[in-house]
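Peer 1: need a 3D model of the following:
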Amino acid sequence: MTAMRRRHLLAVFMGGLLLLGGLPDGARAQGTPKPLSPQPAAGAVKPGLVPTYYRNITFNYIDEVLRHAKDAKGEAGKPIPNIDSISDGQMWDAGMRELYGIRIDGLIRLPAGATYFATNSNDGVRVILGGAQILEDGDVHADRLSDPVEVKVATAGWYPLRIWYFQKKNTATLQLLWQPPGAAEFKPVPPEAFGHQ
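Peer 2: Coordinates of the predicted model:
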């Protein structure tokens, strides 16, 4: 399936979800995300997110990546602009097409109010926002959208973000999608909403 076709299916699915009455009730984050404290000074946040790669390992579930990372240093990569990649297997500068995991660290700027998030992934993913796990689709699978989740924050600003991901074999996809307050549809979180210190 081509990247363009997968993006079209994503748009159709999310549009259909909204036409069928919106988002499911009860889809809420596990815990309340906490903003970065203190908030960074203007100009102190650099663009992009920082990946760490764990290569040449067969992962079948996202917890295996976390366990491996406790004992292995991993290799830092160049900052990535956002979480919107559909590929033949190699994500960003992973340097390989299969058998790797990634830890992605940085910040996301959130508006006050309710923002809905979802992932489109192939293979497993876990998203931790402000210390609260908000999304997980942790096993080996073809491109698959997670159920959307509502994240309510009282304070606008920068929030810590950590994403765990693994690619086993064949094609690879990782997208973090959002629908912030006032938005009409889900879209990939834009680069200007991400940063790192």
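
Peer 1: what about the strands in the protein?
Peer 2: 46-47, 50-55, 75-76, 84-87, 100-110, 113-122, 125-129, 132-137, 144-145, 149-153, 157-167, 172-179, 187-188, 194-196 (DSSP state E).

Peer 1: out of those, which is closest to residue 32?
Peer 2: Proximity to residue 32, assessed across the strands of the chain by CB to CB, is greatest for strand 132-137 (6.1 Å). The C-beta positions use only the backbone N, C-alpha and C, and glycine is treated the same way.

Peer 1: coming back round to it: let's have the strands of the chain in JSON lines, adding mean neighbour count.
Peer 2: What follows is those, written out as JSON lines (neighbours: other CB atoms under 10 Å):
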{"stretch": "strand 46-47", "mean neighbour count": "14"}
{"stretch": "strand 50-55", "mean neighbour count": "18"}
{"stretch": "strand 75-76", "mean neighbour count": "12"}
{"stretch": "strand 84-87", "mean neighbour count": "18"}
{"stretch": "strand 100-110", "mean neighbour count": "23"}
{"stretch": "strand 113-122", "mean neighbour count": "22"}
{"stretch": "strand 125-129", "mean neighbour count": "24"}
{"stretch": "strand 132-137", "mean neighbour count": "20"}
{"stretch": "strand 144-145", "mean neighbour count": "16"}
{"stretch": "strand 149-153", "mean neighbour count": "19"}
{"stretch": "strand 157-167", "mean neighbour count": "22"}
{"stretch": "strand 172-179", "mean neighbour count": "23"}
{"stretch": "strand 187-188", "mean neighbour count": "16"}
{"stretch": "strand 194-196", "mean neighbour count": "20"}
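
Peer 1: measure residue 68 to residue 162 for me?
Peer 2: Distance from residue 68 to residue 162, counting by CB to CB, to the nearest Å: 15 Å.

Peer 1: with residue 66 instead?
Peer 2: In terms of CB to CB, residue 66 sits 10 Å off from residue 162.

Peer 1: and what of residue 136?
Peer 2: As defined by CB to CB, residue 136 lies at a distance of 12 Å from residue 162.

Peer 1: give the residues shared as contacts by those two.
Peer 2: Here residue 136 and residue 162 have residue 127 as joint contacts, going by CB atoms under 8 Å, 6 or more residues apart in numbering.

Peer 1: related to what we said a few turns ago, the strands of the chain: which one's closest to residue 31?
Peer 2: Nearest of the strands of the chain to residue 31, taken as CB to CB: strand 132-137 at 3.4 Å.

Peer 1: nice, that's everything, thank you.
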